[in-house]
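Q: I'd like to go over a predicted model; first the sequence, then the structure.
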Amino acid sequence: MFKVLNGAARIGNGILRAAAAALALVMLFYAGFAILDSLYLERMAFSSWDLVRYRPVDEKGKLSPEAFDELTELNPDVVGWITVYDTNIDYPILQGPDDLYYVNRDIYGDSTLAGSVYLQSVNSPDFTDQFNLLYGHHFENGAMFGDVVNYKDPDYFEEHQYGELITKDGIYYLTFFICIETDAYDKNIYGVTSLDSEAQAEEFVSSPRKLVFYPASAPVKGASSDAEADKFLLSDTDHDLLVALSTCDDGETDGRTIIIADAEEVDGSRVPGSGTPATGEIRPGEGKWAVLNLISMILTLCCIVPFVIRFVSGKERKRAIVGTLLTLIVSIGSVLLFFLTENMKYPVTLRDFWTPFMIFIFAAALLITSLTDRRKEKEA
């Protein structure tokens, strides 16, 4: 009877170890893919140090023709640079022969899902039109124009109203004052270069789109309703130069979110130097700590427990020492990564940039433990 139970227990242990090893391999595959995907998006979608150093201003914040020439040497289609302060938006602006050319091409002309920020093809490349529309993909991690959809939140809008546009002819200070939800077929937005006619204003206010918000600190002058605000946006002569940023709205297939700014020429950049800090260093969830990372660290530390039990019971064999050391090293790595990247004084979030790394480390510890146990069982 006891032999039967002992045999069943061994079979059960074997099944559990096999399941643990399989789970660890799946987690390793998933975490590895997530890490590569995150690094790819960071490299391709966020402005990296390699690119941001080409930002065409000198150390005093003045327009640098030489730096602009370096940009156009990378790609003659470069027509400017857009920066929105305290966001991930910090990119060169390109203009292709049509509005699809740079949808899946980067500044180097290589194919990429991230695409580029680009000026609509009907606009003048020197930004002499009254209305200048920029396109950019929407990424959930905030890359490209992913932050544009955040402007539907009034608090976010108030805190991120300003930016700058750098062209080969000058630097313009941007003040965002309106956010619009519309669709990809809005002929009063797309394909338009001027918004100053009364007839166009009347047509615009009757189109099926939504004025989301304009901040109290920069109200639409003379507007007592959304419709009047729309009309003012189009017809008021104070808007000499408008810059609009358009991106997909993840709420609908053809939905679009647009933010529009007044542009005023200024003497220099508000962000002097040869480049701003790489926005690729801004991680999703920054300013919060991730609970999944804490769980992964705890589970990784739990992988040490079987080895501790063996040492205490005196049953540990020499072959398991390697597994013990490897698990200990992996556990120390998990603890260090957690405390170096997470601050538990911040608000909590489910996951962040480092979560795939933490899961990868836990999976490695689990795999080491299951394989070490298997070798020991064969010796038993």
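A: Ah, there it is.
Q: Show me where the protein has its strands.
A: For the chain, the strands defined by DSSP state E cover 78-84, 90-94, 117-119, 131-135, 162-167, 170-183, 210-213, 242-248, 255-266, 289-290, 348-349.
Q: okay if I get the ones you listed as a markdown table plus distance to Ile332, mean pLDDT and mean neighbour count?
A: In this view, the C-beta of every residue, glycine as well, is placed from N, C-alpha and C. A markdown table is the format used below for these (distance: least, C-beta to C-beta, whole Å; pLDDT from 0 to 100; neighbours: other C-beta atoms under 10 Å):
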| stretch | distance to Ile332 | mean pLDDT | mean neighbour count |
| --- | --- | --- | --- |
| strand 78-84 | 40 | 94 | 24 |
| strand 90-94 | 36 | 93 | 26 |
| strand 117-119 | 42 | 96 | 25 |
| strand 131-135 | 47 | 95 | 23 |
| strand 162-167 | 43 | 94 | 22 |
| strand 170-183 | 47 | 89 | 21 |
| strand 210-213 | 48 | 54 | 17 |
| strand 242-248 | 42 | 93 | 23 |
| strand 255-266 | 45 | 91 | 20 |
| strand 289-290 | 20 | 83 | 21 |
| strand 348-349 | 24 | 76 | 14 |
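Q: Of all those strands, which one is nearest Tyr190?
A: Tyr190 lies closest, by C-beta to C-beta, to one member of those: strand 131-135, at 7.0 Å.
Q: Need the contact partners of that closest one.
A: For strand 131-135, contacts defined as C-beta atoms under 8 Å, 6 or more residues apart in numbering pick out 82, 93, 99, 102-103, 117-120, 123, 145, 189-190, 192-195, 241-247.
Q: change it to 6 Å
A: Applying C-beta atoms under 6 Å, 6 or more residues apart in numbering, the external contacts of strand 131-135 come out as 117-120, 123, 192-195, 242-246.
Q: Just the pLDDT for the closest residue in space to Cys248 that isn't next to it in sequence.
A: Spatial nearest neighbour of Cys248, chain neighbours left out: His138 (4.4 Å); criterion: C-beta to C-beta, 6 or more residues apart in numbering. Note for His138: predicted pLDDT of 85.
Q: Now do the contacts for His138.
A: For His138, counting by C-beta under 6 Å, 6+ apart, the contacting residues are 145-146, 247-248.
Q: farthest-separated two in those residues?
A: Among the contacts of His138, Gly146 and Cys248 lie farthest apart (C-beta to C-beta), at 9.7 Å.
Q: Looking at the contacts of strand 131-135, which one is closest to Arg53?
A: The closest of those, once distances to Arg53 are taken by C-beta to C-beta, is Val117, at 17.3 Å.
Q: That closest one and Pro92 touch, don't they?
A: No: the criterion here is C-beta atoms under 6 Å, and Val117 misses it with Pro92 at 7.1 Å.
Q: shaky segments in the chain?
A: 1-21, 24, 30, 32-50, 141, 196-239, 250-253, 272-287, 311-320, 373-380 (pLDDT under 70).
Q: Helices of the stretch 101-250 of the chain, start to end?
A: 154-159, 198-205, 226-235 (DSSP state H, counting those that start in this stretch).
Q: just to revisit the earlier point, roughly how far does the residue nearest to Cys248 sit from Arg256?
A: His138 sits 9 Å away from Arg256, taking C-beta to C-beta, to the nearest Å as the criterion.
Q: likewise Phe353?
A: Using C-beta to C-beta, we find Phe353 at a distance of 28 Å from Arg256.
Q: With Val335 instead?
A: For Val335, the distance to Arg256 - C-beta to C-beta - is 45 Å.
Q: And for Phe362?
A: From Phe362 to Arg256 the distance is 40 Å (C-beta to C-beta).
Q: Could you find which two of the contacts of strand 131-135 are furthest from each other?
A: So, the contacts of strand 131-135 by C-beta to C-beta: farthest apart are Val117 and Ser194, at 21.9 Å.
Q: circling back to that earlier point, could you dump the contacts of His138 to a markdown table with distance to Phe127?
A: Listed next are the contacts of His138 as a markdown table, based on distance: C-beta to C-beta, whole Å:
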| residue | distance to Phe127 |
| --- | --- |
| Phe145 | 18 |
| Gly146 | 24 |
| Thr247 | 20 |
| Cys248 | 24 |
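Q: so which of those residues comes closest to Glu264?
A: Closest to Glu264, out of all of the contacts of His138 and judged by C-beta to C-beta, is Phe145, at 22.0 Å.
Q: Please parse this structure into its domains.
A: What the record gives for the chain is the domain set 2-41+284-379, 53-281, from automatic domain parsing.
Q: Can you mark which positions in stretch 350-369 are buried?
A: Residues 351-369 are the ones in stretch 350-369 that count as buried (16 or more other C-beta atoms under 10 Å).
Q: Give me the subset of the residues you listed that lies in helices.
A: Judged by DSSP state H, those include 355-369 as members of helices.
Q: Could you find the closest non-adjacent residue to Tyr118?
A: Tyr118 sits nearest to Tyr102 (C-beta to C-beta, 6+ apart), 4.1 Å away.
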